[in-house]
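Q: quick one: sequence plus predicted model below, questions after.
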Amino acid sequence: MKKNVAIIMGGYSSEYEISLKSGNVVYETLDKEKYDAYRIHVFKDEWCYVDDNEDKFTIDRNDFSVKIEGHKVTFDCVFNAIHGSPGEDGYMQAYFELLDIPHTSCSMYQAALTFNKRDLISTLKPYGIKTAENYYLNYGDSINEDEIINKVGLPCFVKANKAGSSFGVSKVYNKEELKPAIDASFKEDNEIIIEEFLDGVEVSVGVISYQGETLVLPITEIVSENDFFDYQAKYEGKSQEITPARISEEYKNKVNTEAKRIYEILKMKGFSRSEFIFKNDHPYFLEMNTVPGLTKESILPQQANEAGISLKALFNNAIEEAIQN
């Protein structure tokens, strides 16, 4: 008997358009002989099932069910394709865990922790994970530009603490640019993180649970045509994403070990994609995404393909592992 799978997409953040693309890729790719797939749009003002005719049916949030032509549909599993809030920050995970509905992403605590760049760095530091020098600001704090520059140097990056897809990120070259960059980040989040610029090879490493094992996927090297790996570089073709990365075997072994170690320290499950930059021959950890992009342009699908794993196999495995666990 086929299982009902809800593919949640959309979300409350600036990433909703990318999420809709990811969710539709999952919908088009899932094995139709094994699953009945339902596209579920999750927005602040509505949660609804959207059929192939673009007709909408309201989700009952009491039990995450939907009534279609008088028939109530419940779900055996939820495939999470929401980037940003509420799909990547723990809210949807907590909701489904309370309802006892299997879902493909990590657990609530891991999602909330990894979505908060500052908290994640603080958690990993005692394990010896190297990160860039950083400075924290909350909305309303007094801004001491000289103190910031003394701590992280120039150039530096100003980032929204809880946002993805390079929203609210600026590269700052001089003191005059610092305040406008901080203001831009505060439009995305009320917490920001200011980091030193690491000048080295940037790589992205996918680590997933696949057939019951922790699997490190082939590494992707990021070569941005822009000043850094911003939204245009990620989604509008302004970068080269080279898989496998053109790095030495030594670098490959170091970053693979570090990425897998972080995944296991955090007791992760499902998909993850971590970013690193090499400095002094060592990978410095930047951040982890627990609901990485699944569009045709996205990095994790490229890496899975290089590993010989089709999108169908990747998605089917995520669903089966969620149900088994």
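A: Perfect, thanks for sending it.
Q: so, low pLDDT: which residues of the stretch 201-325 of the chain?
A: For the stretch 201-325 of the chain, the stretches with pLDDT under 70 are 226-238.
Q: tell me which stretches of it form helices.
A: For the stretch 201-325 of the chain, the helices defined by DSSP state H, counting those that start in this stretch cover 231-235, 249-265, 299-306, 311-324.
Q: the stretch 51-200 of the chain too?
A: Taking DSSP H, counting those that start in this stretch as the criterion, the stretch 51-200 of the chain carries its helices at 91-99, 108-115, 117-124, 145-152, 175-186.
Q: for those helices, which one ends up most surrounded?
A: Mean neighbour count (mean count of other Cβ atoms under 10 Å) peaks for helix 108-115 among these, with a mean of 21. In short, each C-beta sits where N, CA and C put it, glycine included.
Q: what is that one packed up against?
A: helix 91-99, helix 117-124, strand 282-289 (3 or more Cβ pairs under 8 Å, 6 or more residues apart in numbering; DSSP states H and E).
Q: hmm, residue 209 is touching residue 321, no?
A: Yes - between residue 209 and residue 321 there is a contact under Cβ atoms under 8 Å: 5.8 Å.
Q: is it true that residue 211 touches residue 318?
A: No - the criterion here is Cβ under 8 Å, and residue 211 misses it with residue 318 at 11.1 Å.
Q: ok, back up a step: any shared contact partners between residue 209 and residue 321?
A: 269-270 (Cβ atoms under 8 Å, 6 or more residues apart in numbering).
Q: coming back round to it: if we compare the helices of the stretch 201-325 of the chain, which one ends up closest to residue 242?
A: Residue 242 lies closest to helix 299-306 among the helices of the stretch 201-325 of the chain, at 9.5 Å (Cβ to Cβ).
Q: tabulate the helices of the stretch 51-200 of the chain (JSON lines), appending distance to residue 299.
A: Rendered in JSON lines, the data for the helices of the stretch 51-200 of the chain read as follows (distance: least, Cβ to Cβ, whole Å):
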{"stretch": "helix 91-99", "distance to residue 299": "22"}
{"stretch": "helix 108-115", "distance to residue 299": "17"}
{"stretch": "helix 117-124", "distance to residue 299": "18"}
{"stretch": "helix 145-152", "distance to residue 299": "27"}
{"stretch": "helix 175-186", "distance to residue 299": "23"}
